[in-house]
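1. Mind folding the following:
(chains A and B)
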There are 2 protein chains.
Amino acid sequence: MDNRPIGIFDSGVGGLTVAKEIMSRLKNEEVVYFGDTARLPYGSKSKETITKFSFQDVRFLLSKNVKAVIIACNTASANSFEAIKEKFDIPVFGVVSPGAAAAARATKNGRIGVIATTGTVKSGAYEKAIHNIDSGLNVISKACPLFVPLVEEGWADDEITYLTARKYISSLIDDGVDTIVMGCTHYPLLYKCLKKVAGDGVLLVNPAEETTKAVEEFLDGNDMFREGGGAPSHSFFVSDSTDMFEKICLDALGRKFLADKIDIEGY
Amino acid sequence: MDNRPIGIFDSGVGGLTVAKEIMSRLKNEEVVYFGDTARLPYGSKSKETITKFSFQDVRFLLSKNVKAVIIACNTASANSFEAIKEKFDIPVFGVVSPGAAAAARATKNGRIGVIATTGTVKSGAYEKAIHNIDSGLNVISKACPLFVPLVEEGWADDEITYLTARKYISSLIDDGVDTIVMGCTHYPLLYKCLKKVAGDGVLLVNPAEETTKAVEEFLDGNDMFREGGGAPSHSFFVSDSTDMFEKICLDALGRKFLADKIDIEGY
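-> So this is what the prediction gives:
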């Protein structure tokens, strides 16, 4: 057993969808969450900057004595997973490999779409991960930079979001994909819209769910589950003001959690 | 005379519209521009974080021996102008006061709309500045967080942008404003769309133009123009990768400039 907490970091609040999966699937585990709300988004930044920020994020989580790190942010997973794995001596999980594996398993016609931030698409990480599994699969990627601001504006169900989704993913549909990876933590919040625009014949993969299964298998295989120790006590940290985070946290996790503000640039 | 350069900072590339005004109106002046592309946008962040970032931005410009600082970013002007003025011993210009003054002069019916980022609207800075001039004026503000990503996606002329503009500014039009302040550096790039949606009876004020006039008056009144010294040599700095900046710089300024990347967190 290993009673240390699981560390999760994200560029902001989107990673709470991953925290939620972990907390509901691994009910006895403790979570330390860091959201880099002062410097978000990562999706439009360069690989070099994303890696620099990610290293600081991991260093902060290590200071909280975590037993593993989950990179909840697709952009950071896509650009910095290898660098983090190399630099830090701790088990690291990104969301890209599990998402890619799920898509490769799910597709019937061998045509997979990936929708993500510009930074994730540019990295080519989903293509590489899918081709590592089966080089015969076709992967068609599309950057959708407006989806995050549309979610954050609260317009998930607005006509404007449907028009935007059509503009972004019609080329994937025309190309005949039967599976689409929602390659950004915010996109599952557009599930209803994406499902309607993509049509019933297209399966939407949520990497957060797949990542949680991978973490569970790892902890199980290495005898690292938290055992006893009373009810888990989760902690949340952000780099910008905690006000908005706490409201969003309540919406996302259905429970009230207080967050602490930290100076991430010092890590 | 004072041959030191004028410092301009912005959260990213939007402030190039201010640099362009300065460079075309004050042709003999040198400009040092800093765009905080690693940490953009400022518009969704808290006042505390915006002020912390702005202090670092000013410190960097001071290290380049500038004679004045222009805060090209509306969000930073709205949230941190007073704090910057107090902390640093250098002439500082924000875009809010000049924009507010122009709107107060322009309105005929005393009803002014302000469209801006969430951070600018929350600060109430435009209202305060307009009411300082004439407390009888009505100011109606509207945060438009999707405008920047729409501009950056290159959709300035897309149906989606027109629908978004209608959604954001129809309430201002219903309220009978005859003047709208474009309170974010990106918004003048939506001029055509905003003009069409607002109608011919509504004047759109660009604070960048007004700010340049204020800087010119100040330099003139204090005998601080650059004189002689050969053709001005401008310099550009960013905190993220320089690749994209250089392309955008060419589009915005019509000339090629190289940028240097700096570590802003060290200032």
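2. Output the helix or strand bottoming out on mean pLDDT in chain A in PDB with nothing but the alpha carbons.
-> Across the helices and strands of chain A, mean pLDDT, DSSP states H and E gives its lowest value to helix A:242-253, namely a mean of 86. Once non-C-alpha atoms are left out, helix A:242-253 reads as follows in PDB (Å, rounded to 0.1, in the frame of the first residue of the first chain):
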ATOM      1  CA  THR A 242      -9.300  31.200  -5.900                       C
ATOM      2  CA  ASP A 243     -12.800  32.900  -6.200                       C
ATOM      3  CA  MET A 244     -13.800  31.600  -9.600                       C
ATOM      4  CA  PHE A 245     -12.100  28.300  -9.100                       C
ATOM      5  CA  GLU A 246     -14.200  27.400  -6.100                       C
ATOM      6  CA  LYS A 247     -17.400  28.100  -8.000                       C
ATOM      7  CA  ILE A 248     -16.300  26.000 -11.000                       C
ATOM      8  CA  CYS A 249     -15.100  23.300  -8.600                       C
ATOM      9  CA  LEU A 250     -18.500  23.100  -7.100                       C
ATOM     10  CA  ASP A 251     -20.100  22.800 -10.500                       C
ATOM     11  CA  ALA A 252     -17.600  20.200 -11.800                       C
ATOM     12  CA  LEU A 253     -17.300  18.000  -8.700                       C
END
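3. So is that helix next to chain B?
-> Yes: on the criterion C-beta under 8 Å from any C-beta of the partner chain, helix A:242-253 is in touch with chain B at residue A:243. (Each C-beta comes from the backbone N, C-alpha and C, glycine too.)
4. Which residues does that helix contact?
-> A:13, A:16-17, A:19-20, A:23, A:35, A:37, A:236, A:238, A:256-261, B:46 (C-beta atoms under 8 Å, 6 or more residues apart in numbering or on different chains).
5. Specify the beta-bridge partners of residue A:237.
-> residue A:34, residue A:260 (DSSP bridges).
6. That one against residue A:57, yeah?
-> No: assessed by C-beta atoms under 8 Å, residue A:237 is found out of contact with residue A:57, at 9.9 Å.
7. what touches both of those two?
-> residue A:34.
8. Between the two, point out the one with more neighbours.
-> Taking neighbours as other C-beta atoms under 10 Å in any protein chain shown, residue A:237 and residue A:57 compare with residue A:57 leading, 30 against 22.
9. List the contacts of that one.
-> Counting by C-beta under 8 Å, 6+ apart, residue A:57 makes contact with A:9, A:34, A:36, A:76, A:264, A:267.
10. same question, residue A:4
-> A:30, A:65, A:66, A:67, A:226.
11. Need the residues you listed in JSON lines (columns: neighbour count and distance to chain B).
-> JSON lines is the format used below for the contacts of residue A:4 (neighbours: other C-beta atoms under 10 Å in any protein chain shown; distance: C-beta to the nearest C-beta, whole Å):
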{"residue": "A:30", "neighbour count": "20", "distance to chain B": "28"}
{"residue": "A:65", "neighbour count": "10", "distance to chain B": "25"}
{"residue": "A:66", "neighbour count": "22", "distance to chain B": "24"}
{"residue": "A:67", "neighbour count": "18", "distance to chain B": "29"}
{"residue": "A:226", "neighbour count": "19", "distance to chain B": "34"}
